[in-house]
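Student: quick one, structure for this:
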Amino acid sequence: MSEVGAILERWRSEGIRFVRFELPDMHGISRSKTVPIEHADGFAERGLNMYGGTSVLDTRSDVVPGTLYNEERMYGDQLLHPDPDTAAVVPWVEATGRFICDATWYDGSPLEATPRHVYRRALERCRSMGFEPVIGTEYEFYLLDGETHEPLFDGYHIFNTVRNDYVPTIRRILEEMPRIGVSVITANCEYAGSQWEIPCAAGRGMKGPDDAFTFRNGVKEIARQDGLLATFMSKPFANSAGCGNHTHISLLRLDDGTNAFGDDGDAMGISETCRYFVGGLLRYAKAIDPVIAPTVNCHRRRRRHTFSPTNVSWGLEDRSALVRVKGGSLQSRHLEYRAPSALANPYLIGAALLQAGLQGIEDRLEPGPTSKPGIPAEDDDDFEKLPTSIHEALDAFEAEPAVRAFFGEEFVTAYLVMRRYELSRFNDWVTDWERAEYLELF
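Tutor: All right, here's what the predicted structure looks like:
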């Protein structure tokens, strides 16, 4: 509390008038309350009350029965506790600071299904094994007209310099993200019209997913201020590219800070630790898929020859593989997991990759053969297929015993109930395709 208090005192001296207490929900969306700074000290000390079921709302913000934090808790409050490591002034909002928060009940016990808690469990396991994770994100998103929700331009213009800076919003993102602590590496227009890609620098420990959370929600706010809609939806248009979040991961040794994944004496340049980590990622790829590609729309992106992996595979610099081994210097060698959707929760992606990979290290799981020279992994039928629907993925998630150890009992229960409730609404929806196909004919 003394650290938070010192931050608030400094903010007051700098003219900050409001403080956001932010909670990442199950979908990676920021749920928050804005507090006048004169009241922030008290809430920071005792916790800021917020409806306890906030983290387990579905994508429509429905209160879903059976998710453990609603009727089971008499619809009571949780308390938000600010993490001082996340303190930042929000550059795109006037005189406002923010904290990302952790959540407890009034008795001090944590809400174990909250995504930040789930990732923290994985982080603690990682450190107990002598490693510190380094995670970076590579977000793709569309900028659309704020009123019509249509693209700003059409066609395939990847890396086109004119399109890179087609709207001032992109330059705003590049200028304002570093001011909140998110280091942007590059920016370019992507394969589809009105689509961009902006990778962020990798962060150690909790900073990796915290930065991803900040970036995605910040981009949406900045775009809205400019009269645009930023969407990280996996597949917003049937005839255009999907939006992914290629997630980069490595482990540093806690004792000396060196990269545990690199080995110049190996033909692929990777260590035994890295091989076993890949083995874990592949062994549990189908089971963790519902947090990697969490909605019915995500699997519309999963098509061959779209740079979105379709099978459980790995390879050196193979862009069609699920796990791409990245070269470079010994210290920068790492893995790129190419399946995550841009709308997936970065804390849950990080937890899933860490837990699966660490299990591979513990069990010394060999990853099997890589993709073959001259044959992209996606074209090799020897590799097992990834799930083709969220229904299939959820079944694999529920059936795998290790999942409950990876994510915790509360999370598994809440997540399955919430996602299946959301899918029940989808299954009842009469689509435009059905009307176009059947209405006149029958």
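Student: going forward, measure contacts between C-alpha atoms and count neighbours the same way
Tutor: OK.
Student: strands of this structure, start to end?
Tutor: Shown for the chain, the strands assigned by DSSP state E span residues 18-24, 30-36, 48-51, 77-82, 88-89, 96-104, 131-145, 188-189, 195-204, 228-231, 245-253, 314-316, 323-326, 334-337.
Student: same list, these, but as JSON lines with mean pLDDT please.
Tutor: Output for the strands of the chain, formatted as JSON lines (pLDDT from 0 to 100):
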{"stretch": "strand 18-24", "mean pLDDT": "98"}
{"stretch": "strand 30-36", "mean pLDDT": "98"}
{"stretch": "strand 48-51", "mean pLDDT": "98"}
{"stretch": "strand 77-82", "mean pLDDT": "98"}
{"stretch": "strand 88-89", "mean pLDDT": "98"}
{"stretch": "strand 96-104", "mean pLDDT": "98"}
{"stretch": "strand 131-145", "mean pLDDT": "98"}
{"stretch": "strand 188-189", "mean pLDDT": "96"}
{"stretch": "strand 195-204", "mean pLDDT": "97"}
{"stretch": "strand 228-231", "mean pLDDT": "98"}
{"stretch": "strand 245-253", "mean pLDDT": "98"}
{"stretch": "strand 314-316", "mean pLDDT": "96"}
{"stretch": "strand 323-326", "mean pLDDT": "96"}
{"stretch": "strand 334-337", "mean pLDDT": "98"}
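Student: of all those, which one is nearest Asp382?
Tutor: With C-alpha to C-alpha as the measure, strand 314-316 is the member of those nearest Asp382 (12.1 Å).
Student: quick one: which of the strands of the chain is nearest Ser61?
Tutor: Closest of these to Ser61 is strand 30-36, at 10.9 Å (criterion: C-alpha to C-alpha).
Student: got the buried residues for the closest one?
Tutor: Going by neighbour count (16 or more other C-alpha atoms under 10 Å), the buried part of strand 30-36 is 30, 32, 35.
Student: now swap in stretch 129-148 and tell me
Tutor: By neighbour count with 16+ other C-alpha under 10 Å, stretch 129-148 contains the buried residues 131-146.
Student: and for stretch 46-65?
Tutor: Applying 16+ other C-alpha under 10 Å to stretch 46-65 flags 47-50, 52-58, 63-65 as buried.
Student: stretch 148-165 too?
Tutor: 150-151, 156-158, 163-164.
Student: do stretch 225-244 as well
Tutor: For stretch 225-244, the neighbour count (16+ other C-alpha under 10 Å) marks 228-236, 240-244 as buried.
Student: nearest residue to Pro236 other than its sequence neighbours?
Tutor: Nearest non-adjacent residue to Pro236, counting by C-alpha to C-alpha, 6 or more residues apart in numbering: Gly242, 7.3 Å away.
Student: for Arg204, give me its contacts.
Tutor: By C-alpha atoms under 8 Å, 6 or more residues apart in numbering, Arg204 lies in contact with 132-135.
Student: quick check: the gap between Ile288 and Leu281.
Tutor: 9 Å (C-alpha to C-alpha, to the nearest Å).
Student: oh, that last question was meant for Thr169, not what I typed.
Tutor: For Thr169, the distance to Leu281 equals 36 Å [C-alpha to C-alpha].
Student: who's more crowded, the two?
Tutor: Comparing Thr169 with Leu281 by other C-alpha atoms under 10 Å, the one with more neighbours is Leu281, at 30 against 19.
Student: surely Gln359 meets Arg283?
Tutor: No. Using C-alpha atoms under 8 Å, Gln359 is not in contact with Arg283, being 9.4 Å away.
Student: apart from its neighbours in sequence, what residue is nearest the most centrally placed residue in the chain?
Tutor: Against the mean C-alpha coordinate of the chain, by C-alpha atoms, centre = their mean, the closest residue is Pro346 at 2.0 Å. Spatially, and ignoring its direct neighbours in sequence, Pro346 is nearest to Pro209 (5.2 Å; C-alpha to C-alpha, 6+ apart).
Student: that'll do, ta.
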